[in-house]
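> With the input below, show me the fold.
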Amino acid sequence: MKNPTISVLYVDDEPGLLDLGKIFLEKGGQFNVDIIEDVPKALDLVKNKDYDAIISDYQMPGIDGIQFLQMIRTSGNTIPFILFTGRGREEVVIQALNEGADFYIQKGGDTAAQFAELHHQIRQAVQRRRAELSVKDLERREADIINFLPDATFAIDRCGRIITWNHAIEKMSGVPALEMLGKGDYEYALPFYGERQPILIDLIFESDDVIARRYPHIIRNGDALIGETTVARPKCGVVTLTGKASPLYNCNGEIIGAIESIRDITDRKQAEDALRESENNYRALVENVIDVIYRTDPDGTLLFATPSILSLLGYGTMDEIIGRPKALMWANPEKHNEMLAKIAKDGFVKNYEIILKRKDGTPVCISTSSHFYRDNKGTIQGIEGIFRDITQFKQIQRVLRQSEELYRVLVLHIQDGAFLMQDGILLMCNEAFAGRIGFQPGEIIGTPVTGLIAPEDCAKVLKQQQNFLAGMQLQETYEFRMLHKNGKDRVLVSLSFGTAVYQNRPAIVGTVREIV
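A predicted model of the protein is given here:
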């Protein structure tokens with residue numbers, strides 16, 4: 001590849017020397033030389049154009065070559081700077097080198113030899129600077145890459161001194177790179193363990209035998225080591241970290257250090273633990289749920305069911321029941337089609353009663369809540385839902401209906417007023433109770449009983465109730481006046497009451513009889 005042209009700025013107050021230098025240097029096409037006669041104009045050129053090197057005379061009016069050099073270096077520009085000096089000016093040479101000049105050339109002698117030397121020094125200085133910039137660019141790119149990594153990353157040399165400490169590890173550890181770079185003696189362990197100790201990165205320099213014997217939890221993957229640890233950190237609590245360490249090599253393949261990346265996997269571990277717990281809970285639910293969770297294909301063939309189906313339908317093993325068609329499960333298979341039609345219409349069925357068939361052929365009454373399940377494309381794959389045995393519930397319903405009918409006949413037709421109250425609220429009364437004071441039952445149920453008692457007797461009645469609930473002996477009946485709906489009339493009644501339990505809480509039941 002052809003070397004790029006070297007751009008040079010040549011400053012001298014001798015026009016003839018400038019022209020001569022430009023001719024000599026540009027001969028051969030490797031240089032492109034701009035010439036200028038004073039420093040102020042040269043400074044303007046440097047601001048507006050990138051040069052590879054500067055040649056400057058020393059002895060110039062106004063601003064000399066040393067002052068020009070100082071201005072260039074003070075601005076932060078590291079461009080190669082070559083100074084022309086007169087003979088016998090060694091003190092100028094020393095000062096120039098101290099100020100950052102790259103080379104110097106003494107004027108005089110053979111012109112061709114002088115500019116040939118200048119040509120050589122310029123090339124050498126530019127090549128050296130380009131090499132240095134290339135190294136710096138490489139180092140900067142490497143640093144940018146390291147800092148761009150999302151994982152906390154650091155590196156050490158063979159002496160254990162920190163040579164890299166990226167942004168992510170600054171954030172994780174709370175320690176900036178400026179406080180860590182160059183430090184050794186296990187300084188990198190302090191932010192994580194609170195003490196100086198070898199960590200994963202140090203094992204890179206250990207043999208496989210030592211690692212296997214002393215650190216069995218460390219995994220080797222090629223030349224990398226992987227480990228996981230749980231540490232207590234002041235601001236974060238207990239965290240789980242995973243680290244991966246690898247050796248650093250020089251161009252000869254020799255290990256010159258090591259690099260380690262650290263990742264906080266606390267959230268992942270918690271998620272994994274939560275997933276395991278969820279799976280365990282799901283397994284426990286599936287294995288122990290009383291209701292049957294099931295899934296069938298579109299034709300009603302059973303594909304999946306929880307183990308509770310065995311006792312529901314009288315089978316011994318899941319192999320006996322899984323794969324059974326609807327004709328062997330449904331007492332009336334046509335009812336399955338009716339349920340399909342209802343699901344197709346409404347999207348689901350809820351508490352839908354069906355009759356399934358046990359293994360011995362006997363029917364079992366089931367309540368199901370079911371819906372279609374679909375694949376990722378929305379195609380119906382079958383039905384899934386819950387079966388609940390309601391055989392006993394249906395029997396209880398029948399008994400309850402009979403009991404309620406008897407209760408209704410008894411309560412609604414007795415002559416005395418009957419009531420149930422809890423926490424001072426009337427929960428139930430019959431027509432005889434409400435009618436005595438001009439109400440219908442629905443008008444006073446749910447209201448405070450104090451509103452039904454004549455104000456002058458209210459305190460006495462409440463006192464009797466409090467004594468009764470406190471377990472004090474009371475007379476079997478006592479008299480008080482109830483307040484009529486019109487708010488004026490009083491109805492004298494005789495009250496008898498006792499305790500009851502309603503919805504697992506104490507309540508008072510009683511009767512009132514009008515005293516004429």
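
> I'd assumed Cys159 was in contact with Ala258.
No: counting by CB atoms under 8 Å, Ala258 stays clear of Cys159, with 11.4 Å between them. All C-beta spots, glycine's among them, are computed from the backbone N, C-alpha and C.

> if you count what's nearby, which of those two comes out ahead?
Set Ala258 next to Cys159 and count neighbours by other CB atoms under 10 Å: Ala258 wins out with 22 against 9.

> can you tell me the helix or strand for that one?
strand 255-264 (DSSP states H and E).

> Which neighbouring elements make contact with that strand?
When contacts are defined as 3 or more CB pairs under 8 Å, 6 or more residues apart in numbering; DSSP states H and E, strand 255-264 packs onto strand 152-157, helix 167-173, strand 237-249.

> next SSE after the first one?
Spelled out, it's strand 152-157. Tracing the chain C-terminally past strand 152-157 and defining elements by DSSP H and E, one meets strand 162-165 next.

> Buried residues, that following strand. List them.
Judged by neighbour count (16 or more other CB atoms under 10 Å), strand 162-165 contains these buried residues: Ile162, Ile163, Thr164, Trp165.

> from the residues you listed, which is closest to Leu97?
Sorting the buried residues of strand 162-165 by how near they are to Leu97, with CB to CB, puts Ile163 at the top with 31.0 Å.

> Just to check, Asp389 is in contact with Ile309?
No: when contacts are counted by CB under 8 Å, Asp389 is not listed as touching Ile309 (10.2 Å).

> who has more neighbours, the two?
Higher neighbour count among Asp389 and Ile309: Ile309, with 22 against 19, using other CB under 10 Å.

> quick one: which helix or strand includes the more buried one?
Using DSSP H and E, Ile309 sits in helix 308-313.

> Name the residues that touch whatever helix or strand comes next after that helix?
Tracing the chain C-terminally past helix 308-313 and defining elements by DSSP H and E, one meets helix 318-321 next. Outside of helix 318-321, the residues within contact range by CB atoms under 8 Å, 6 or more residues apart in numbering are Leu302, Ala305, Pro307, Ile309, Leu310, Leu313, Tyr315, Lys359.

> among the residues you listed, who's most crowded?
Counting neighbours by other CB under 10 Å, the one among the contacts of helix 318-321 with the most is Leu313, which has 25 neighbours.

> Met71 belongs to a strand?
No: residue state for Met71 (DSSP: H, G, I helix; E, B strand; the rest coil) corresponds to helix; a strand is not indicated.

> what's it in contact with, if anything?
Val39, Leu43, Ile63.

> want to throw the buried residues of strand 162-165 into JSON lines with distance to Ile94?
Converted to JSON lines, these look like this (distance: CB to CB, whole Å):
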{"residue": "Ile162", "distance to Ile94": "38"}
{"residue": "Ile163", "distance to Ile94": "36"}
{"residue": "Thr164", "distance to Ile94": "39"}
{"residue": "Trp165", "distance to Ile94": "40"}
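
> any weak-confidence spans in the stretch 51-200 of the chain?
Across the stretch 51-200 of the chain, the ranges flagged by pLDDT under 70 are 87-89.
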